[in-house]
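Participant: below are the sequence and a predicted model for it; my questions follow.
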Amino acid sequence: MNPDGSYAEGSFGAGGMRVTITHTATLYSRNLTALRLPRDQDLNNATFPTGFSIRTLEPLLKNAEAGRAVFVSSGAASGKYAYWGPYAASKAGLEALAKTWAQELADTPVRVNVVNPGATRTTMRAKAFPGEDPLKLPTPEDLVPLFLDLVLPSCARTGDVINFRDWRTVAQAMPGSGAAIANADV
């Protein structure tokens with residue numbers, strides 16, 4: 001994940017694409033009654049490209065020995081923030097697509113999961129919460145071990161939304177456990 005919250009893709013491995021990590025984000029702050037389509041149609045920018053990416057990525061991930069797809073969501077997907085409706089809807093849609101795709105791939109070695117990073121020190125977070133002390137937040141680099149656990153060939157978990165803070169609590173209690181943490185129910 002780029003510090004500014006922009007999109008990132010994984011790399012190709014022998015025999016196909018082994019890992020893809022997908023993250024798109026544009027924070028909208030507006031009242032739902034103020035939306036004007038088609039001007040605001042890009043509110044789905046985190047959902048529609050994901051659907052198109054799935055169509056392209058699936059054959060590549062299936063061709064890999066242990067294909068892994070990880071999507072980045074947000075706690076905002078729950079709809080708990082006023083004026084964040086479009087952003088929340090795009091992240092809730094992303095989670096639904098990823099979970100559905102995981103079920104469709106249940107009989108394959110491909111694993112699909114979603115990470116909710118929580119409050120993270122990014123440019124987008126600073127714009128959304130300008131008075132917050134960014135030094136109290138984890139950096140995007142702090143999340144790397146979670147992503148690495150989820151893309152291990154030994155990771156059996158699929159169709160889950162993993163909250164970084166919950167995962168970190170387990171990881172701190174079980175240092176060096178790698179796949180055990182990735183497969184833990186957090």
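Facilitator: Now that the structure is in, tell me what you want to look at.
Participant: quick one, helices of this protein?
Facilitator: 48-63, 85-104, 123-128, 144-151, 164-173, 179-182 (DSSP state H).
Participant: got a markdown table for the ones you listed, with mean pLDDT and mean neighbour count too?
Facilitator: (Glycine included, C-beta is placed from N, CA and C.) Putting the helices of the chain into a markdown table (pLDDT from 0 to 100; neighbours: other Cβ atoms under 10 Å) gives the following:
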| stretch | mean pLDDT | mean neighbour count |
| --- | --- | --- |
| helix 48-63 | 78 | 16 |
| helix 85-104 | 89 | 19 |
| helix 123-128 | 87 | 15 |
| helix 144-151 | 93 | 19 |
| helix 164-173 | 88 | 15 |
| helix 179-182 | 51 | 20 |
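Participant: now render those as CSV, adding distance to Arg111.
Facilitator: Shown next, in CSV, are these (distance: least, Cβ to Cβ, whole Å):
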stretch, distance to Arg111
helix 48-63, 9
helix 85-104, 7
helix 123-128, 27
helix 144-151, 8
helix 164-173, 15
helix 179-182, 9
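Participant: so which of those helices is nearest Val19?
Facilitator: helix 144-151 (4.7 Å; Cβ to Cβ).
Participant: and the angle for the closest one with helix 164-173?
Facilitator: Interaxial angle of helix 144-151 relative to helix 164-173 (axes from the mean of the first three to the mean of the last three Cα atoms, to 10 degrees): 90 degrees.
Participant: packing partners of helix 144-151?
Facilitator: Helix 144-151 is packed against strand 19-22, strand 68-72, strand 111-116, helix 164-173, helix 179-182, with contacts defined by 3 or more Cβ pairs under 8 Å, 6 or more residues apart in numbering; DSSP states H and E.
Participant: name the residues that touch stretch 96-116?
Facilitator: Stretch 96-116 is touched from outside by 47, 50-51, 54, 58, 61-62, 64-75, 77, 94-95, 143, 146-147, 150, 155-164, with contacts defined as Cβ atoms under 8 Å, 6 or more residues apart in numbering.
Participant: start to end distance for that stretch?
Facilitator: Counting by Cα to Cα, to the nearest Å, you get 13 Å between the two ends of stretch 96-116.
Participant: kindly report the same for stretch 68-88.
Facilitator: 25 Å.
Participant: in contact with Glu141, which residues?
Facilitator: Applying Cβ under 8 Å, 6+ apart to Glu141 gives no contacts.
Participant: tell me which of the helices of the chain lies nearest to Leu137.
Facilitator: helix 123-128 (7.0 Å).
Participant: okay, that closest one in CSV with CA atoms only?
Facilitator: Output of helix 123-128 as CSV, limited to C-alpha atoms (Å, rounded to 0.1, in the frame of the first residue of the first chain):
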residue,chain,number,x,y,z
THR,A,123,-2.0,11.4,3.6
MET,A,124,-5.6,10.5,3.2
ARG,A,125,-6.0,9.9,7.0
ALA,A,126,-4.3,13.3,7.7
LYS,A,127,-6.8,15.0,5.4
ALA,A,128,-9.8,13.3,7.1
